[in-house]
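A.B. asks: what's the 3D shape of this:
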Amino acid sequence: MSTTPTPVHRSFWQRWRDFWFAPSDPTTLGFIRIVTGCLVLYVHLAYSFDLQSFFGPHGWYGLEYVNRERRELPHVVPPLTWDFGQASAHLPEFPHRKKAVLDYIHHLLATNPTRADMERSLAYLDRLQRSGNIEIAQVGVYYINQLAIDDRDRKNQLAVLADESKREAMRKTTVPDLRIPDTPPFLNALPKDERARVADEAEAFFKTLPQGSSEDAHAARGYIYSHFNELSFAQRTAFLDFLKELPTLDPAERDRRMDYLTYWNQEARYTYRLGNPIFSIWFHVTDPAGMAVAHGIALVIFFLFTVGFCTRMTSVLTWLAAVSYIHRTQQVLFGMDTMMNILLIYLMIGNSGAALSVDRVINRYRAVRASLRRSGGIDPATQAYLERPPLSVTAGFACRLLQVHFCFIYMASGLSKLKGPAWWNTNAYWDTLVNPEFTLIHYQWYESMIRGLASERWLYGAVAAGGVAFTFVCEIGLPFLVWTRLRPYVVMMGLVLHAGIAVFMGLWIFSLLMMTMLLVYLPGAAIRERIFGVGGAGRRLSLRFNPQADRQARAAALAKALDFDGRVDAVPAGNQPSVRVVADGREAAGSAAAAALLGNLGWLRPARWVLAVPGLGGAVSRWVSGEVKVGDAATVKPQVPAAS
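C.D. replies: Numbers count the residues shown, from 1 in each chain. Here you go, the predicted structure:
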């Protein structure tokens, strides 16, 4: 008869629910917590040497500027259609051009004009805007750019603008050397009196521009012309409306609007909201002594999170502390910080302290103590709890979120590379190998190897094309193949990819964080086996103790709590003065028992040196032995169920 279990039909909803919320071994998330915590601790420990330069009030990004960003950063919501949405006044991006346009605006306001005065000065530009044609507006501005600086010459040029019939006479008799610009075509259909009005408007607009024949004045006029022509039609309309509204405002409001436009290149009234809702402790702690104390506390939190102490609390505090550094100076924000933040979020969501943590040791200790109180020994339920951490829904959910998120990261990275021609012609990969800023090119052996590759055309092509193909297969293929039986192979490919990025681009921390993300695809049982070995394998110890002696019961509970290898058998014995450790038929007590435990519990072996420290070694030995002192009445008695 077949022993294959009958498949159970599950609905789509059940499969979807089990995909996200099936209980999972928390060992994977615990191991990711340890690696991430070490990297977070290293990164922020490195900040200690330049704490003021990075995050001080006068650091790379001064506190004055980041506070202004927190309160004034403009947020504009784009429209749901292909339209550009609400336009706003804009200034040039380049500082020298921006200064010329700002000087022009201040010149317009220098005489405290009324709105009517401002409208008369800008009437020519308004006429161009009413045409509704961007080309007409640009030709009209270009016409002003050709007018002469000399008042007499410009008057003659504008006379031709008002009456085209004067062009030939002006050219032949009156001023034969005067350059008469071509009249904008859209004016040809206007009557003579309207063209005369256009000439007056052009003269009024020209008078608002920087005057004089100096090189600076000529350059400033050119920057202003260029700005008007580079604005979109809607932006030019918004800019003119902004200028015409300034005379109607009180001086304080006018200065506020000008200051906001100058700093952010955006009008505040056209924003969805202002400010950036970010948090950082460095916004409030600014004196050097206080910053040193706060930084030290943050490092302690990172350490406690790494070892897994009070993980539910320290995971949140670690994320908040890490975000504080990122938010304070986003100029140092890099892909490393982004990946670190992603990992910390998921380690905060899931119960990352349920395994491989101090919390787990404490819970194991409490479980053994409770079992000893109940039965005087370790019952089967407690033994099962000690063998492996309980399955966790939150740990499984966090791991699944991280797995899916990693797929999106790889897919976005791979598809974005397809848009770049450097990846199609293989230059992107080769440039990475020979870039002196990143690679090992300053080493003679590496340079010789690269020159040898480049000397053979076919070898160069094979290496460059192979590297590009490997990258595409890894980044675009992993999101699909990692859910199949090929998972071990694509995970290994990802590890190789990021190892190459670390070596050839020098992005060590970023690569290590990406490798840490790849750990989420490993099963928890495999991680436990690699860390602790196969449960019960190796030299076994028998720990004999008196369960009724409180000190011995606590020592036995601690030994079982630290016994992740499953090598210690806690055996309740009769009345004895201290805990005995039996190994290979030899019984040890006191310091010898402590040495036997530390020497045989695999992951505690590096801590054997504590026994050689005067005072500390004796304290550890006394704790392990659990010696019963005279008059010690603290005992543990088995609880007998009450008669029914």
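
A.B. asks: Every contact and neighbour count from this point should use C-alpha atoms.
C.D. replies: Will do.

A.B. asks: Ala570 touches Arg544, doesn't it?
C.D. replies: Yes: counting by Cα atoms under 8 Å, Ala570 does reach Arg544; the two are 6.1 Å apart.

A.B. asks: Show me the strands in this protein, by range?
C.D. replies: In the chain, the segments counted as strands under DSSP state E are 74-75, 273-274, 541-545, 568-572, 580-583, 586-588.

A.B. asks: among these, which is nearest Glu245?
C.D. replies: Evaluated over the strands of the chain, closeness to Glu245 peaks at strand 74-75, with 20.7 Å, by Cα to Cα.

A.B. asks: Show me what that closest one is packed up against.
C.D. replies: strand 273-274 (3 or more Cα pairs under 8 Å, 6 or more residues apart in numbering; DSSP states H and E).

A.B. asks: Distance from the chain centre to the strand it packs on, please.
C.D. replies: 23 Å (Cα atoms, centre = their mean, to the nearest Å).

A.B. asks: Parallel or antiparallel, list what pairs with that strand.
C.D. replies: Strand 273-274 pairs in its sheet with strand 74-75 (antiparallel), by DSSP bridges.

A.B. asks: contacting residues around the partner strand?
C.D. replies: Trp264, Gln266, Ala268, Thr271, Tyr272, Arg273, Leu274, Gly275 (Cα atoms under 8 Å, 6 or more residues apart in numbering).

A.B. asks: Put the buried members of these into a PyMOL selection.
C.D. replies: If you want just the buried ones from the contacts of strand 74-75 in PyMOL, going by 16 or more other Cα atoms under 10 Å, the selection is:
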select buried, resi 266+268+274
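
A.B. asks: What ranges in this structure fall below the confidence cut-off?
C.D. replies: Residues of the chain that meet the criterion pLDDT under 70 lie in 1-8, 81-85, 170-178, 533-539, 602-603, 609, 612, 623, 625-644.

A.B. asks: related to what we said a few turns ago, can you lay out the contacts of strand 74-75 as TSV showing distance to Phe49?
C.D. replies: Listed next are the contacts of strand 74-75 as TSV, based on distance: Cα to Cα, whole Å:
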residue	distance to Phe49
Trp264	33
Gln266	38
Ala268	39
Thr271	40
Tyr272	40
Arg273	38
Leu274	35
Gly275	31
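
A.B. asks: Of all pairs in the contacts of strand 74-75, which one spans the longest distance?
C.D. replies: Spanning the widest gap among the contacts of strand 74-75 are Trp264 and Tyr272, at 14.4 Å by Cα to Cα.

A.B. asks: Buried residues, stretch 500-511. List them.
C.D. replies: In stretch 500-511, counting by 16+ other Cα under 10 Å, buried: Gly500, Ile501, Ala502, Phe504, Met505, Gly506, Leu507, Trp508, Ile509, Phe510, Ser511.

A.B. asks: Kindly report the same for stretch 188-203.
C.D. replies: So for stretch 188-203, counting by 16+ other Cα under 10 Å, buried means Arg195, Ala196, Val198, Ala199, Asp200, Glu201, Ala202, Glu203.

A.B. asks: roughly how far out does that stretch sit from the chain middle?
C.D. replies: 58 Å.

A.B. asks: Tell me, how many residues neighbour Met118?
C.D. replies: 20 (other Cα atoms under 10 Å).

A.B. asks: Nearest to Gly524, out of the strands of the chain?
C.D. replies: strand 568-572 (22.3 Å).

A.B. asks: rewinding a little: now the buried residues of stretch 188-203 in CSV, with distance to Leu51?
C.D. replies: Formatted as CSV, the buried residues of stretch 188-203 follow (distance: Cα to Cα, whole Å):
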residue, distance to Leu51
Arg195, 67
Ala196, 67
Val198, 62
Ala199, 63
Asp200, 62
Glu201, 59
Ala202, 58
Glu203, 58
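
A.B. asks: Next, the contact list for Asp584, please.
C.D. replies: Contacts of Asp584 (Cα under 8 Å, 6+ apart): Leu541.

A.B. asks: gap between it and Ala556?
C.D. replies: Distance of Asp584 to Ala556, computed by Cα to Cα, to the nearest Å: 19 Å.

A.B. asks: quick one: contacts for Val77?
C.D. replies: Val77 neighbours (Cα under 8 Å, 6+ apart): Thr271, Tyr272.

A.B. asks: Please tell me how far it sits from Ser11.
C.D. replies: For Val77 relative to Ser11 (Cα to Cα), the value is 41 Å.

A.B. asks: got it, and Leu108?
C.D. replies: 72 Å.

A.B. asks: The two - which one has more neighbours?
C.D. replies: The neighbour count for Leu108 versus Ser11, taken as other Cα under 10 Å, is higher for Leu108 (21 against 9).

A.B. asks: which one is Ala465 nearest to, not counting chain neighbours?
C.D. replies: Thr426 (5.7 Å; Cα to Cα, 6 or more residues apart in numbering).

A.B. asks: An error on my part: the question was meant for Cys407.
C.D. replies: Closest to Cys407 by Cα to Cα, 6+ apart is Pro479, at 4.6 Å.
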